[in-house]
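Enquirer: sequence plus the predicted model coming up.
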Amino acid sequence: MDISQIKVCVLFGGQSNEHDISRQSVSYIISVLQQSDVKDLHLIGITKNGEFMYYDGPIDLISDGTWLGHESIKEVLFKPGHQGQGFYLCDRYDSKTQNDSDNTKLTWIAVDVFFPVLHGKMGEDGTVQGLFELLNTPFVGCGVLASSIAMDKVASRNMFDTVGIPQANWTWLKKRKFDADPNLAIQAIKEVLTYPIFIKPANAGSSVGITKADSDQELFESLTIAFEHDDKAVLEQAIVGREIEVAVLELTDSDRNLFVSVPGEIIPDREFYDFESKYISDGSKLIIPAELDPQHIEKINQYAKLAFRTVDGKGLCRADFFLEESTDRILINEINTMPGFTAISMYPKLMEESGYSSLELVEALIASAFN
């Protein structure tokens, strides 16, 4: 593929609590694309209120969030069913022009491919992917089904169980059941799991809202926190072991073969790898490549590919595993369909160690959108 002839539109921001992380990730993607021969590069920022805004200003204003006040900002309008791929630009509405179409100038921007560098809800969960499907336009990353399943830890864990990918013992709970009778809900959980237990919102990325409970009181408090982020909670038996991650890239050959990177190991700077440990603190250690026996690497590659295929993945994912200390088993934790691309993110680091430069990686991701 000749990337110099491709018109790319990169999206960033979004409505999730990972809005700021998306801005960091997109800075990496944009810097790489600016080094390439890409024909046209367009940027759309999504505000925390869900407004789609075209941005044509300095890139360094994106990371600190000040891009939104730049004079280049214009409203973005999509038209499903329009002949051709792209979107319209218009001046931001005000009280004088909001109901007067004669005073609103529309400009058509043609786009060959969209690159949604969005994390979390309303961006990585199939919603934006559904928009691209309606627009009948190529886009980087997984489609509606894979994105929504991977985001929903209940749905993905059920599917992993179905195809035999080992994982920690787990159960789940709806908020309405917890609200109706917290004591009964906690007793039902304890029939399946023993302390310590990890509690996670079912639909939240980057370890948001994840806590660990060692008692009924802590479990009550943890569920309360989880239900602040979603109406479903996933509860998992705590695993003592090593945290291992691999990057998965879908190739553009006729068989859509999958490339799996060398494994990397995370040594958190606290009890477990939470949001702050991932994106804010620089105390966690990333060991690439991880020192693993060949049979462990083989299992991880096998399960990573199977998980990707099971959710009908496309383009890329990061697959996270545990190597359990007491049993020496490889257990899947989750897959992430749009992993972080920040300066300390595992996906680009793993791919670089596996032979893909940053430019080769971004070009491969764009090429996968047309596959």
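Expert: Yep, it's here.
Enquirer: alpha carbons only for contacts and neighbour counts from here, please
Expert: OK.
Enquirer: quick one, helices of the stretch 251-371 of the chain?
Expert: Ranges of helices in the stretch 251-371 of the chain, per DSSP state H, counting those that start in this stretch, are 275-279, 294-310, 346-353, 358-369.
Enquirer: any chance of those in CSV, with mean neighbour count and mean pLDDT too?
Expert: Putting those into CSV (neighbours: other CA atoms under 10 Å; pLDDT from 0 to 100) gives the following:
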stretch, mean neighbour count, mean pLDDT
helix 275-279, 18, 53
helix 294-310, 18, 98
helix 346-353, 22, 96
helix 358-369, 20, 94
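Enquirer: pLDDT weak spots in this structure?
Expert: 83, 92-103, 205-207, 270-283 (pLDDT under 70).
Enquirer: bridged to the nearest residue to residue 321 once chain neighbours are set aside, which residues?
Expert: With CA to CA, 6 or more residues apart in numbering as the criterion, residue 321 has its nearest non-adjacent residue at 4.3 Å, and that residue is residue 332. In this entry, residue 332 is beta-bridged to residue 167, residue 321, by DSSP bridges.
Enquirer: quick check, residue 332 in contact with residue 165.
Expert: Yes. Counting by CA atoms under 8 Å, residue 165 is a contact partner of residue 332 at 7.0 Å.
Enquirer: which parts of the stretch 101-250 of the chain are helices?
Expert: 127-135, 144-151, 153-163, 175-180, 182-190, 216-226.
Enquirer: between those helices, which gets nearest to residue 302?
Expert: Closest approach to residue 302 among the helices of the stretch 101-250 of the chain (CA to CA): helix 153-163, 12.1 Å.
Enquirer: the closest one packs against which elements?
Expert: For helix 153-163, the elements it packs on are helix 144-151, helix 294-310, judged by 3 or more CA pairs under 8 Å, 6 or more residues apart in numbering; DSSP states H and E.
Enquirer: what residues of it count as buried?
Expert: Neighbour-count burial for helix 153-163, counted by 16 or more other CA atoms under 10 Å, picks out 153-154, 156-157, 159-160.
Enquirer: dump these to a markdown table, plus distance to residue 347.
Expert: Listed next are those as a markdown table, based on distance: CA to CA, whole Å:
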| residue | distance to residue 347 |
| --- | --- |
| 153 | 20 |
| 154 | 24 |
| 156 | 20 |
| 157 | 22 |
| 159 | 24 |
| 160 | 22 |
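Enquirer: out of the residues you listed, which comes closest to residue 328?
Expert: Nearest member of the buried residues of helix 153-163 to residue 328, counting by CA to CA, is residue 160, at 19.2 Å.
Enquirer: how's this structure carved up into domains?
Expert: 3-139, 149-167+239-369, 170-237 (automatic domain parsing).
Enquirer: first to last residue in the longest one, what's the distance?
Expert: Yep, that's domain 149-167+239-369 we're talking about. Domain 149-167+239-369 has an end-to-end distance of 19 Å (criterion: CA to CA, to the nearest Å).
Enquirer: same thing with the shortest one?
Expert: Terminal residues of domain 170-237 are spaced 6 Å apart (CA to CA).
Enquirer: how about the first one?
Expert: Distance across domain 3-139, first residue to last, is 14 Å (CA to CA).
Enquirer: so who does the closest residue to residue 19 other than its chain neighbours touch?
Expert: Leaving aside its sequence neighbours, residue 19 sits nearest to residue 13 (CA to CA, 6+ apart; 4.7 Å). Each residue near residue 13 by CA atoms under 8 Å, 6 or more residues apart in numbering is listed here: 19-23, 45-48, 117-118.
Enquirer: and the furthest pair within those?
Expert: The widest separation within those (CA to CA) is 14.7 Å, between 48 and 117.
Enquirer: out of the helices of the stretch 101-250 of the chain, which is the most enclosed?
Expert: Among the helices of the stretch 101-250 of the chain, the stretch with the highest mean neighbour count (mean count of other CA atoms under 10 Å) is helix 144-151, at a mean of 24.
Enquirer: just send the contacts of residue 13 back as TSV, with secondary structure and neighbour count too.
Expert: Converted to TSV, the contacts of residue 13 look like this (DSSP: H, G, I helix; E, B strand; the rest coil; neighbours: other CA atoms under 10 Å):
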residue	secondary structure	neighbour count
19	helix	21
20	helix	21
21	helix	24
22	helix	29
23	helix	25
45	strand	24
46	strand	21
47	coil	17
48	coil	15
117	coil	26
118	coil	31
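Enquirer: which one of those is nearest residue 268?
Expert: Using CA to CA, residue 21 is the member of these that sits closest to residue 268, with 18.7 Å.
Enquirer: give me the distance between the closest one and residue 339.
Expert: 10 Å.
Enquirer: could you do residue 263 as well?
Expert: Relative to residue 339, and taking CA to CA, residue 263 is found at 15 Å.
Enquirer: just residue 331 next, same as before
Expert: Using CA to CA, residue 331 is found at 19 Å from residue 339.
Enquirer: more neighbours: these two, which one.
Expert: residue 339 (25 against 22; other CA atoms under 10 Å).
Enquirer: dump the helices and strands packed on helix 153-163 to a markdown table, plus distance to residue 91.
Expert: Shown next, in a markdown table, are the helices and strands packed on helix 153-163 (distance: least, CA to CA, whole Å):
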| stretch | distance to residue 91 |
| --- | --- |
| helix 144-151 | 31 |
| helix 294-310 | 41 |
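Enquirer: thank you, goodbye.
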